[in-house]
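Engineer: With the input below, show me the fold.
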Amino acid sequence: MPPLMEQQHGLLVVDKPRGLSSAQCANRLKRLGQRKIGHAGTLDPMATGVLLILLGHATKISGHLMAGGVKVYRGTLRLGQSTDTWDAEGEVVAESPWEDVTEDAVVALVSGWVGRSEQRVPPYSAAKHEGRPLYRLARAGETVPEKTKTIDIARAEVLRMALPDVTFRVVCGSGTYIRSLAHSLGMRLGCGAVLTELIREYSHPFGLDRATPLEAILDEPDRLPERVLPVTAALPHWPALTLTGREAAAVMNGGALRRLPLPGDAVADKAVLLAPDGAPLALASAGESPAGPVWTVLRGLWSNQG
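Structural biologist: Numbering: from 1, shown residues only. Below is the predicted model of the structure:
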């Protein structure tokens with residue numbers, strides 16, 4: 001049993017291994033004494049790559065971290081097969097010949113992913129219907145309602161083609177199901193397709209070059225504090241504003257703060273407010289009051305905030 005660390009506050013950029021869910025990764029890190037823990041951007045068990053683990057007060061920034069966050073995936077799909085989960089780990093439900101598919105047709109369809117569109121949510125997913133995850137309905141043999149969501153894809157390209165296998169890269173917004181892209185492509189080609197490999201190469205604002213393998217973190221628990229990044233690193237476009245003791249007390253008492261100038265003449269409508277010792281105190285947005293421009297607290301980060 002590894003030694004327990006005191007609760008850390010910040011982010012861990014983890015290189016998730018194949019075979020574990022995002023929640024299972026968080027639970028393993030929880031055993032290091034990190035009782036308050038969460039993650040931003042779920043990865044399927046089959047997928048590997050960048051998983052952002054939130055510790056302590058960083059669990060409170062999840063919604064702001066995910067908002068507008070770009071993600072980059074490298075995936076491989078295989079033509080000629082369909083499964084109930086839309087990836088290679090599901091049960092095969094159909095097989096069809098793929099030999100008449102041309103490389104040009106595949107390239108055209110992958111390029112066609114770019115833009116805003118409606119995407120069908122996989123029946124085996126954590127998306128909920130009347131409070132229940134779809135995967136639970138599917139596993140129980142119940143009817144799974146068809147759900148769709150709007151997605152944005154900035155770039156999509158084929159990296160390698162050795163039919164029936166196709167390797168591609170996608171730059172997209174949060175919430176995009178790569179399994180759905182593979183499934184849709186197979187349906188359009190008339191032969192079916194399943195996702196066989198998926199690597200998240202980037203989850204704003206961190207790439208794989210900043211990620212540490214989960215096992216390395218678990219094997220070296222004494223190095224956990226040095227691997228934890230501050231909240232400000234996760235919100236690089238939010239300027240940090242250090243308050244005086246009096247200003248910090250006013251914020252913690254629920255008061256608005258007169259809009260102090262940002263460091264370096266930065267211009268932004270959001271900021272991270274820091275306590276005098278540099279500890280993150282709150283996320284704030286620019287607002288107006290009868291007394292003039294103010295910073296209003298979006299989310300408190302101090303310890304007694306829920």
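
Engineer: and Arg120, what does it touch?
Structural biologist: By CB atoms under 8 Å, 6 or more residues apart in numbering, the contact list for Arg120 reads 146-148, 180, 183-184. The C-beta positions use only the backbone N, C-alpha and C, and glycine is treated the same way.

Engineer: do Gly69 as well
Structural biologist: By CB under 8 Å, 6+ apart, the contact set of Gly69 is 40-41, 173-174, 203-205.

Engineer: again with Leu12
Structural biologist: Residues counted as contacts of Leu12 (CB under 8 Å, 6+ apart) are 29, 52-53, 55, 212, 217, 224, 227-229.

Engineer: Please compute how far the helix or strand containing it lies from its chain's middle.
Structural biologist: For Leu12, the host element (DSSP states H and E) is strand 10-16. Between the centre of strand 10-16 and the centre of its chain there are 11 Å (CA atoms, centre = their mean, to the nearest Å).

Engineer: now do stretch 65-82
Structural biologist: On CA atoms, centre = their mean, the centre of stretch 65-82 falls 12 Å from the chain's centre.

Engineer: okay, among the contacts of Leu12, which ones form the most distant pair?
Structural biologist: The span of those, defined through CB to CB, is set by Leu52 and Leu224 at 15.5 Å.

Engineer: Those two: who's more crowded?
Structural biologist: The neighbour count for Leu52 versus Leu224, taken as other CB atoms under 10 Å, is higher for Leu52 (26 against 21).

Engineer: I'd assumed Glu146 was in a helix, is it?
Structural biologist: No. Applying DSSP: H, G, I helix; E, B strand; the rest coil, one finds Glu146 to be coil, outside a helix.

Engineer: beta partners for the nearest residue to it once chain neighbours are set aside?
Structural biologist: Among residues not flanking Glu146 along the chain, Arg120 sits closest, at 6.6 Å (CB to CB, 6 or more residues apart in numbering). Per DSSP bridges, the residues bridged to Arg120 are Thr148.

Engineer: Next one: Arg120, what pLDDT does it get?
Structural biologist: On pLDDT, Arg120 comes in at 90.

Engineer: Distance of the closest residue to Leu4 other than its chain neighbours relative to Gln8?
Structural biologist: Counting by CB to CB, 6+ apart, Leu4 lies nearest to Gly33, which is 3.4 Å off, once chain neighbours are set aside. Gly33 is 9 Å from Gln8, where distance means CB to CB, to the nearest Å.

Engineer: Those two - which one has more neighbours?
Structural biologist: Counting neighbours by other CB under 10 Å for Gly33 and for Gln8 shows that Gln8 has the greater number, 21 against 15.

Engineer: Got phi/psi on the nearest residue to Ala127 once chain neighbours are set aside?
Structural biologist: When the adjacent residues along the chain are set aside, Ala127 lies closest to Val121, with 4.8 Å between them (CB to CB, 6+ apart). Note on Val121: its backbone torsions stand at phi -80, psi 130 [degrees, to the nearest 10].

Engineer: so Val121 touches Tyr135, yeah?
Structural biologist: No. Counting by CB atoms under 8 Å, Val121 does not reach Tyr135; the two are 10.9 Å apart.

Engineer: These two: which has the busier surroundings?
Structural biologist: A direct count of neighbours by other CB under 10 Å for Val121 and Tyr135 places Val121 higher, at 20 against 16.

Engineer: re earlier: can you give me phi and psi for the residue nearest to Leu4?
Structural biologist: Per degrees, to the nearest 10, the backbone of Gly33 is at phi 100, psi 10.

Engineer: Give me the distance between it and Asp222.
Structural biologist: 12 Å.

Engineer: Please compute how far the longest helix seen in the chain lies from its chain's middle.
Structural biologist: When the chain is parsed with DSSP state H, its longest helix is helix 178-189. How far helix 178-189 lies from its chain's middle: 22 Å, per CA atoms, centre = their mean.

Engineer: List the buried residues of that helix.
Structural biologist: Buried positions in helix 178-189, judged by neighbour count with 16 or more other CB atoms under 10 Å: 178-186, 189.
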